[in-house]
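Enquirer: here is my input; please provide its structure:
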Amino acid sequence: MPGVWDALSAKLAHDAGFDTVFLSGYGVAGTALGVPDVGLLTQTEMAAIAVNVCRSVPDAAVVVDGDTGYGNAMNVARTVDLWEAAGAAGVFIEDQVWPKRCGHLAGKQVVDRDEWLAKLRAAMKRRSHLFVTARTDARAPLGLDEAIERGRMAADLGADAVFIEAPESMDELETVAAALSGHVLVANMVERGRTPLLELGDLDGMGFRLVVSPLSGLFSMVRALQTAYGRLAEEGSLRLRLDEMVGFDEFAEVVGLRRWLTLDQPSV
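Expert: Predicted coordinates:
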């Protein structure tokens, strides 16, 4: 699942061949608000972006980051309502203390087990179709054994998938996979993050069935824009670098101009 942050990035991911995309809270915080992933993005702001993303790729499944559910179990239930109304196919619910922070940043804290399980229970009771992934960030503050135990409890509760965030070595990934064998497991591949970057075949061999690459597109986009804007500022034009960008007609094709124009054609 590649990470996306708006309707255009979702369309580009879908055009590349992905039938499932992940709407990343990290990505939306950075692009919609220009702020870090430290709990500043609100539930309704995320829901509004999700509406546009889901509409832009009606043939794809959109998994929408739910962070902590934005409060207690009641807030989680409302998050489920909003995500389903937006057209989401799935949600991640994590156990961090709110305001949360990116899973690969230092200084994370998690709530008690029972509080997180209550949120998961509320999500599963409220949903009509959402695929619920239980994410625990307990590895950093409480250790791998506690993270695995939380994952086991979430699976026993009925979560559709279990996501142990930020294992820090191959040995830890293998330990997670062995301890939670038989459950649908998520691996999070963040470039220059805390978890080793592995190939899909290696992850599949361990037992990870869902793989998220949440920031690959975002980080690539930022580098491309830094380069383009930097050159524009220095050179005043990109007329000698047209081969490094899409053309006007190519962009029109990406956003479906011809399909929209046919709606404005007079009937014969």
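Enquirer: would you indicate which residues of the longest helix seen in the chain are buried?
Expert: In the chain, with assignment by DSSP state H, the single longest helix is helix 216-235. Buried positions in helix 216-235, judged by neighbour count with 16 or more other Cβ atoms under 10 Å: 217-218, 221. Where you see a C-beta, it was placed from the backbone N, CA and C, and this is true even at glycine.
Enquirer: repeat that for stretch 77-86.
Expert: For stretch 77-86, a neighbour-count test (16+ other Cβ under 10 Å) marks 77-80, 82-84, 86 as buried.
Enquirer: ditto for stretch 68-77
Expert: For stretch 68-77, using 16+ other Cβ under 10 Å, the buried residues are 68-70, 73, 75-77.
Enquirer: quick check: the two most widely separated of these?
Expert: Thr68 and Ala77 (13.4 Å; Cβ to Cβ).
Enquirer: average pLDDT across the strand or helix carrying Ala147?
Expert: Here Ala147 sits within helix 144-157, counting by DSSP states H and E. If you average the pLDDT over helix 144-157, you get 98.
Enquirer: extract the C-alpha trace of it and format it as PDB.
Expert: Provided in PDB are the C-alpha atoms of helix 144-157 (Å, rounded to 0.1, in the frame of the first residue of the first chain):
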ATOM      1  CA  LEU A 144       8.900  -5.700  22.100                       C
ATOM      2  CA  ASP A 145       7.300  -8.300  24.400                       C
ATOM      3  CA  GLU A 146       4.600  -5.800  25.500                       C
ATOM      4  CA  ALA A 147       4.000  -4.800  21.900                       C
ATOM      5  CA  ILE A 148       3.600  -8.400  20.900                       C
ATOM      6  CA  GLU A 149       1.200  -9.100  23.800                       C
ATOM      7  CA  ARG A 150      -0.900  -6.100  22.800                       C
ATOM      8  CA  GLY A 151      -0.900  -7.400  19.300                       C
ATOM      9  CA  ARG A 152      -2.100 -10.800  20.500                       C
ATOM     10  CA  MET A 153      -4.800  -9.300  22.600                       C
ATOM     11  CA  ALA A 154      -6.000  -7.200  19.600                       C
ATOM     12  CA  ALA A 155      -6.100 -10.200  17.400                       C
ATOM     13  CA  ASP A 156      -8.100 -12.200  20.000                       C
ATOM     14  CA  LEU A 157     -10.500  -9.300  20.200                       C
END
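Enquirer: contacts for that helix, please.
Expert: For helix 144-157, contacts defined as Cβ atoms under 8 Å, 6 or more residues apart in numbering pick out 95, 113, 116-117, 120-121, 124, 134, 136-139, 162-165, 167, 172, 175-176, 179-180, 183.
Enquirer: any idea which helix or strand of this protein has the worst average confidence?
Expert: One helix or strand of the chain scores below all others by mean pLDDT, DSSP states H and E: helix 257-262, with a mean of 93.
Enquirer: from the contact counts, what lies against it?
Expert: On a contact count with 3 or more Cβ pairs under 8 Å, 6 or more residues apart in numbering; DSSP states H and E, helix 257-262 meets no helix or strand.
Enquirer: what residues of that helix count as buried?
Expert: For helix 257-262, a neighbour-count test (16+ other Cβ under 10 Å) marks nothing as buried.
Enquirer: how far does that helix sit from its chain's centre?
Expert: 30 Å (Cα atoms, centre = their mean, to the nearest Å).
Enquirer: kindly report the same for stretch 169-189.
Expert: That offset, for stretch 169-189, works out to 19 Å (Cα atoms, centre = their mean).
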